[in-house]
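Engineer: Here's a sequence, model it:
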Amino acid sequence: MSSNYKTSFKAYTAWNYEREIEDLNKASEKSWQLVKGGCFHSRFVKNPDVHYRYQLDFGRIEDMGRYIETFREQGWEYINSTFNGWHYFRKLYDPSQPEESYEIFTDRESLHEMNNRWARLALILGIILAAFAVFYAVRSFTHLTIPSLIRFFMFLIESALLLRGWFIMRNPESSRNRRGDGAIFAIFLSVIILGAGISIILEGQRPHMWTTQQASSIDQPIIDNRWNDFDVKYADNYYLDLKLEAPAPMTFEIVNDAGEAVFTQTATAFDEKNIRLKLPRGHYQFSISCTTGYYVYCDLD
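Structural biologist: As a prediction, this is how the structure comes out:
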């Protein structure tokens, strides 16, 4: 029974939806009839007794019942809709009928309207993603980290691809049946999945931590008192907010496993944010040395 069904995992760009229509028509000629269309995969049943022509429409529909009935009156059978607003239709193929009778839009104005619906959505999403790219570009000037760079390039590539699609759909005279669009869409999905996944993993591995140490007075000098172990799992820029207060000069250090200070600050009063530290992978501790009472606040990310 299962041999009568198959799943196709082809993906298509919205601005090249004609390619999907062509593939559905060719599948029907080979006896594979669409059961459910999807953004990333479609389901087919084998039926050599029928032959269909397929069409797609795009848009958010308020009255779905009336929408489907309108197309039914024109001879189109509704199949299904996707979560992002694409609607699949089919019509029994009669070779004696002209190919124009299998166009879902019978005039240029209707086709232009459908293209504009998708183009508006692509423009809005493209602008939003471009804004995120700008945000991470600006952030990289003051808070340069590997996760921030990944997010910048991720949003930049995504916005560029969507704005490219917007331009194509806004210019219906240009050909949307372009070579390489399948590869472009694969890149788009890979950027989303890999970029988001890697940045989330790397962000989760950063030593996000804050701590305080204080004493109103001490009985004897403190020399290299270490506390707050933490691990750096990959080399990158890390940022420290540090505040020191003491009647006499005190020293704050970040010390690695070899006992070497990778950061040192000596002062009676110090308050600075976003101190850039280039830390290699390894194990670290905070350390203080002082002769009087003290207050230390540090926040590392």
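
Engineer: other SSEs contacting the host helix or strand of Leu24?
Structural biologist: Take DSSP states H and E as the rule and Leu24 turns out to sit in helix 17-29. Judged by 3 or more C-beta pairs under 8 Å, 6 or more residues apart in numbering; DSSP states H and E, the packing partners of helix 17-29 are strand 32-36, strand 52-58. In short, each C-beta sits where N, CA and C put it, glycine included.

Engineer: quick one, helices of the stretch 1-150 of the chain?
Structural biologist: 17-29, 64-73, 108-142, 146-170 (DSSP state H, counting those that start in this stretch).

Engineer: before we move on, the earlier item: which residues outside the helix holding Leu24 are in contact with it?
Structural biologist: For helix 17-29, contacts defined as C-beta atoms under 8 Å, 6 or more residues apart in numbering pick out 8, 10, 12, 33-34, 37, 42, 44, 50-56, 58, 86, 90, 93, 176-177, 181-182.

Engineer: surely Glu77 meets Phe89?
Structural biologist: Yes: Glu77 is within contact range of Phe89, at 6.5 Å (criterion: C-beta atoms under 8 Å).

Engineer: The two - which one has more neighbours?
Structural biologist: Phe89 (22 against 13; other C-beta atoms under 10 Å).

Engineer: What's the local residue count around the nearest residue to that one once chain neighbours are set aside?
Structural biologist: Distances taken as C-beta to C-beta, 6 or more residues apart in numbering place Trp76 nearest to Phe89, at 4.2 Å, with adjacent residues excluded. Trp76 sits with 21 neighbouring residues when counted by other C-beta under 10 Å.

Engineer: Over to Lys46?
Structural biologist: Lys46 has 12 neighbours, counted by other C-beta under 10 Å.

Engineer: Chain neighbours aside, what residue packs nearest to it?
Structural biologist: Spatial nearest neighbour of Lys46, excluding adjacent residues (C-beta to C-beta, 6+ apart): Asn4 at 4.6 Å.

Engineer: Report how many residues lie close to that neighbour.
Structural biologist: Using other C-beta under 10 Å, Asn4 has 11 neighbouring residues.

Engineer: ditto for the one 4 residues further on
Structural biologist: By other C-beta under 10 Å, the residues close to Ser8 number 17.

Engineer: Gln214 now?
Structural biologist: Residues near Gln214, counting by other C-beta under 10 Å: 11.

Engineer: For it, list each beta-bridge partner.
Structural biologist: In this entry, Gln214 is beta-bridged to Tyr295, by DSSP bridges.

Engineer: That one and Cys290 touch, don't they?
Structural biologist: No: between Gln214 and Cys290 there is no contact under C-beta under 8 Å: 11.0 Å.

Engineer: any idea whether Lys273 is helix, strand or coil?
Structural biologist: Here Lys273 is recorded as strand under DSSP: H, G, I helix; E, B strand; the rest coil.

Engineer: same check, this time on Asp241
Structural biologist: In three-state terms, and counting by three-state DSSP, Asp241 is strand.

Engineer: Can you tell me the SS state at the nearest residue to it once chain neighbours are set aside?
Structural biologist: In space, and not counting its chain neighbours, Asp241 is closest to Asp299: 4.0 Å by C-beta to C-beta, 6+ apart. What three-state DSSP gives for Asp299 is strand.

Engineer: Cool, thanks, signing off.
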